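A.B. asks: need the 3D shape of this:
(chains A, B, C and D)
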Protein chains: 2
Amino acid sequence: MEQNKDRILNDRESAILNAIIYEYIVTGKPVGSRSFVQKYSFSLSPATMRNIMYDLEKLDYLMQPHTSSGRVPTDKGYRYYVDSLLSSYDFNTEHHFDEKVLARELQLDKIFDSVAKMLSTVSSYAGIMLSPRPDFTVLKFIELIQLENSEVLMISITRTGMILTKKVTLSERVTQDDLFLCSRFLTTELGGYSIEEIKDTIFLKLRTEKSSNDRKDVALDIAQLALNESNDSAISIEGIENLLRIPEMVEADRLNSLLNIIEEKNILRGLLESQLNSEGVRILIGDEIGNPSITGCSIVSSSYKIGNRPVGALGVFGPTRMDYEKILPLVDYTGKAVSGLLTKLSK
Amino acid sequence: MEQNKDRILNDRESAILNAIIYEYIVTGKPVGSRSFVQKYSFSLSPATMRNIMYDLEKLDYLMQPHTSSGRVPTDKGYRYYVDSLLSSYDFNTEHHFDEKVLARELQLDKIFDSVAKMLSTVSSYAGIMLSPRPDFTVLKFIELIQLENSEVLMISITRTGMILTKKVTLSERVTQDDLFLCSRFLTTELGGYSIEEIKDTIFLKLRTEKSSNDRKDVALDIAQLALNESNDSAISIEGIENLLRIPEMVEADRLNSLLNIIEEKNILRGLLESQLNSEGVRILIGDEIGNPSITGCSIVSSSYKIGNRPVGALGVFGPTRMDYEKILPLVDYTGKAVSGLLTKLSK
DNA sequence: ATTAGCACTCATAATAATCGAGTGCTAATA
DNA sequence: TATTAGCACTCGATTATTATGAGTGCTAAT
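C.D. replies: Numbers count the residues shown, from 1 in each chain, chains lettered A, B, ... in the order given. I've put the predicted structure just below:
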């Protein structure tokens, strides 16, 4: 009989597939027909179960580590399972997850590390957090400080309480008094705009406009130098140690996936950044991560917003055999809580 | 014959002990008499070597993992080896290690992470860095910024370019203009003093002294709140992944030492802080670390100074079987380079 | 003090034997 | 036609068995 690999599962197959994957997520052992029908009280004989499993294997949802062992989910299988979860998950439920909890215990600046740490603690995997793209943040206050020689430190504070610092080197020395005037000018003129807006239009406007402030040009020079190269978003990963406690992550070559992730944080950064255009939760399973040096891992991530604009992302990194059912809501409402907090702060 | 465990080794024993330990550090395998005499071209028979090894074992410098295996160094053995290294190492050699290299590539603030990262890269173990105790740093500039409600953010910049931020909550709202006056007052009065001095004497002096500035008291209230609880030194650990590549660190229970270190950074912090009173390089081997949850690990660390005062510490964390001969100079001159840089910056 | 010689030890590796949870397939059954 | 019982077969995991060889300690000779 010709099997179409993309044919739609019937209800029984669907239920059984999800149950098998659930069982595997919980136990970590290949699922065999006999013990499985028994444990889940299916009114089916093991033989029938074997037939169904055989079909699901031919459809690429399951595989056998070796002939005559039980079945294990494929990436496609996990994907099916996760899509089932997603379709039944209510994203609109009000979680009484209080963002005040976040705001209270978090030092303005440390919020990103703290959230990553929290995600890792609650999930028992690794928590990841990409700080908001500085370009999207709105400046509130700018201060210039004379360092040695002709170096100037520009400190800017965003509405959300992030502190950005940037050292610039000027061609000629400027006095601290001048810098002081510049600071005032910049705070007045740039405050309330995002770095993106400033770079795109405000600079131009200020340059052409006449101003009573004769330090205008020095001030703009400094600000342009400082804001020029866009600061990268910071990425923090916490709770690697959790992953080391998972046997399957420490096994031989799997360990290398982990080391790659730690050493090349840019891989993760890229993955999270690629999500900034979309909203809500995204789940990447196994090869879907799209990096051959990382195998057997999954990422559950969510963007978070200031107002209506996604500015950053956060999530959980763990083994493909991950407790998605628990992680999905965790990541979802953490994203919402962070969005809520940042949005409130930026008003 | 009665053996005194503390008797002094003769020259031959000493040379052989050091060679055995060197061999073990290189190969990681228990050192046996036959292959050892051969490899090192000792004009001794294996039998004689066995006798000497037997003696060294009775003196606690060596041990056998099991009867009839080769010898492996004990902590005492490593200690002997390291002391030999230390006594022949010339701490006064001018290393043409250019601290400008440090200064150039390092963003003021990031210096601590960067140094830790550098230590880990060069050593192939983990690099650790304890930032200067804020109390010992000299303030240069203070800025107060109005946040929402009656919260104020105090940003202080130290002479070495560190940026400290602290959020304080006031009992009543203060205007941004008032804060501005306060900032000026605080910068003028506190600039040039260390936080320690400020807490110990300057506050008291300013409180009693009359001042023309009528915001004096508000200013001092804020500063005292902010400087009150001493900020902890930040500790950063980089290069854990290097340790994961070392087979003996990943073995069963040894992995736990590692996880303990990662999870409880305070253990390391304590160890490094305990060194702040002394100068120069210190090596802790195995149980000398004094924490039963950490076994088979060593720390080579050095304090670093601003001027003549040790303010922080840095070092390398790795397995007891560590390449001390390479790590000792690395840590020594990194300490000196950081001292040099910070001292220069703070002038 | 050193060394040759020898019996002994024991981790490691290789080989074989057993076990059991699992499979696929066929023929009987509802 | 879908389900099931029965059965031979597979194969990873576990345990037992047997080399192998680099190592030791000890004794007696040099």
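
A.B. asks: quick one: furthest residue from the center of chain A?
C.D. replies: Ranked by distance from the centre of chain A (Cα atoms, centre = their mean), the top residue is residue A:212, with 45.6 Å.

A.B. asks: assign that one to helix, strand or coil.
C.D. replies: Of the three states, residue A:212 takes coil under DSSP: H, G, I helix; E, B strand; the rest coil.

A.B. asks: wait, isn't residue A:72 in contact with residue A:28?
C.D. replies: No - with contacts counted by Cβ atoms under 8 Å, residue A:72 stays clear of residue A:28, the gap being 9.6 Å. To be clear about C-beta, it is placed using only N, CA and C from the backbone, and glycine gets the same treatment.

A.B. asks: between these two, which has more neighbouring residues?
C.D. replies: In this view residue A:72 and residue A:28 are compared by other Cβ atoms under 10 Å in any protein chain shown, and residue A:72 has more residues nearby, 19 against 13.

A.B. asks: list the residues that contact the residue nearest to the more buried one when sequence neighbours are not counted.
C.D. replies: The spatial neighbour of residue A:72 that comes closest, neighbours along the chain excluded (Cβ to Cβ, 6 or more residues apart in numbering or on different chains), is residue A:30 at 5.1 Å. When contacts are counted by Cβ atoms under 8 Å, 6 or more residues apart in numbering or on different chains, residue A:30 touches A:24, A:64-65, A:69-72.

A.B. asks: near DNA strand D, which of those show up?
C.D. replies: With respect to DNA strand D, and counting by Cβ under 7 Å from any atom of the strand, the subset of those in contact is A:65, A:69.

A.B. asks: buried set for stretch A:140-149?
C.D. replies: Neighbour counts using 16 or more other Cβ atoms under 10 Å in any protein chain shown place A:140-147 of stretch A:140-149 among the buried residues.

A.B. asks: just checking, which of those belong to helices?
C.D. replies: Nothing among the buried residues of stretch A:140-149 maps onto helices, per DSSP state H.

A.B. asks: quick check: which of these are also close to chain B?
C.D. replies: Checked against chain B using Cβ under 8 Å from any Cβ of the partner chain, the buried residues of stretch A:140-149 yield the following neighbours: A:141, A:143, A:145, A:147.

A.B. asks: surely the second one meets residue A:184?
C.D. replies: Okay, so that is residue A:143. No - with contact defined as Cβ under 8 Å, residue A:143 does not count as touching residue A:184 (9.6 Å).

A.B. asks: any residues in contact with both of these two?
C.D. replies: Shared contacts of residue A:143 and residue A:184, counting by Cβ under 8 Å, 6+ apart, come down to nothing at all.

A.B. asks: so which helix or strand takes in residue A:154?
C.D. replies: Assignment of secondary structure by DSSP states H and E places residue A:154 within strand A:151-158.

A.B. asks: tell me what that strand is packed against?
C.D. replies: Applying 3 or more Cβ pairs under 8 Å, 6 or more residues apart in numbering or on different chains; DSSP states H and E, we find strand A:151-158 packed against strand A:139-146, strand A:163-169, helix A:216-228, strand B:151-158.

A.B. asks: now do the next helix or strand after the longest one: which elements does it pack against?
C.D. replies: If you walk from helix A:216-228 toward the C-terminus, the next helix or strand you reach (DSSP H and E) is strand A:235-238. Identification of packing neighbours for strand A:235-238 by 3+ Cβ pairs under 8 Å, 6+ apart yields helix A:111-123, strand A:126-130, helix A:265-273.
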